[in-house]
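coordinates for the following, if possible.
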Amino acid sequence: MPELASLLASLEKRYGQPKRPVTRDPFEMILFENIAYLVPDDRRERAFRELKKRVGTTPAKILSTSVEVLREIAGIGGVFPELRAQRLRQAALLVRDQFGGSLRPVLKLDFAKARRALKKFPVIGEPGAEKILLFAGAHAHLALESNGLRTLVRVGFAEEHKNYSTTYRRVQEELAGQIGEDCSWLITAHLLLKRHGQEICRRSEPLCGVCPLRTGCGYYTRSAG
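This is a model prediction of the structure:
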């Protein structure tokens, strides 16, 4: 099992430096997560950019826009556009009514309190809240999404548990001494692991034969045997 830095170096050699996130603003990241559902990243970005162009991405702009317009834009992001339009408004209302119109003060809270505050928003669970705090540069924490988590589990950083949250925490605990305090490096880690899980270390039919991590990978060793 390689160290995280070595693993990431192998991924960066294959994929190059990942494209920077479309936004690092906490409220915009919540909108980004809610604007689309089960679509490729480029389509989610297209829906978000259309929202930013036609409506704006402040709570006030969202709340001054009709549900019909929000639904039309959300339609770019896949199925259930009505539900996602309502979630955009719900998120804007939460910022206005519970956070004084801005999420910036949340970034100054300690990690646990900030994460708890962000989990109040639609579709934002613990991993999503941690990603927002990382991408906003507020807390250097190894935030993972499902593709990156799967990659790290298969390589051997932790065993997979039936409970997703347990698996997530076990991987973070195993890597706690390796993550450092550089948010930029951890954002790169998040993005590289996500891409690798999407393209090669896929949930079904992973392409182990061309994987740059296969040497020392527990999953590959078991599959090859």
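
check residue 224 and give its pLDDT.
Looking at residue 224, its pLDDT stands at 69.

distance of residue 81 relative to residue 35?
Counting by C-beta to C-beta, to the nearest Å, the gap from residue 81 to residue 35 is 10 Å. Just so you know, the C-beta spots here come from the backbone N, C-alpha and C atoms, and that holds for glycine as well.

give me the common contacts of those two.
residue 74 (C-beta atoms under 8 Å, 6 or more residues apart in numbering).

who has more neighbours, the two?
residue 35 (30 against 20; other C-beta atoms under 10 Å).

can you name the residues that contact the more buried one?
Counting by C-beta under 8 Å, 6+ apart, residue 35 has contacts 44, 47-48, 51, 73-74, 76-77, 84, 88.

run a quick neighbour tally on residue 75.
17.

next one: the residue nearest to it when sequence neighbours are not counted from residue 71, what distance?
Leaving aside its sequence neighbours, residue 75 sits nearest to residue 81 (C-beta to C-beta, 6 or more residues apart in numbering; 4.1 Å). Here residue 81 is placed at a distance of 5 Å from residue 71 (C-beta to C-beta).

quick one, helices of the protein?
4-15, 26-34, 41-54, 59-63, 67-74, 81-98, 111-118, 126-135, 146-155, 164-174, 183-199, 218-224 (DSSP state H).

of the contacts of residue 35, which is the nearest to residue 143?
residue 44 (17.5 Å; C-beta to C-beta).

give me the neighbour count for the closest one.
20.

kindly report the same for residue 114.
Neighbourhood size, residue 114 [other C-beta under 10 Å]: 23.

tell me the pLDDT of it.
You'll see residue 114 listed with a pLDDT of 97.

residues in contact with it?
106-108, 129, 133, 138-139.

can you pick out the most distant pair from those residues?
Top of the distance list for those (C-beta to C-beta): 108 and 129, 15.1 Å.

ok, now which ones touch the closest residue to residue 158 other than its chain neighbours?
Nearest residue to residue 158 in three dimensions, chain neighbours excluded: residue 170, at 3.8 Å (C-beta to C-beta, 6+ apart). Going by C-beta under 8 Å, 6+ apart, residue 170 touches 158-159, 161.

ok, residue 34 next?
84, 87-88, 91, 122-123.

show the pLDDT at it.
For residue 34, pLDDT reads 96.

quick one: it from residue 83, how far?
Distance from residue 34 to residue 83, by C-beta to C-beta: 9 Å.

do the same with residue 163
Applying C-beta to C-beta to residue 163 and residue 83 gives a distance of 27 Å.

which of those two has more neighbours?
The neighbour count for residue 163 versus residue 83, taken as other C-beta under 10 Å, is higher for residue 83 (13 against 9).
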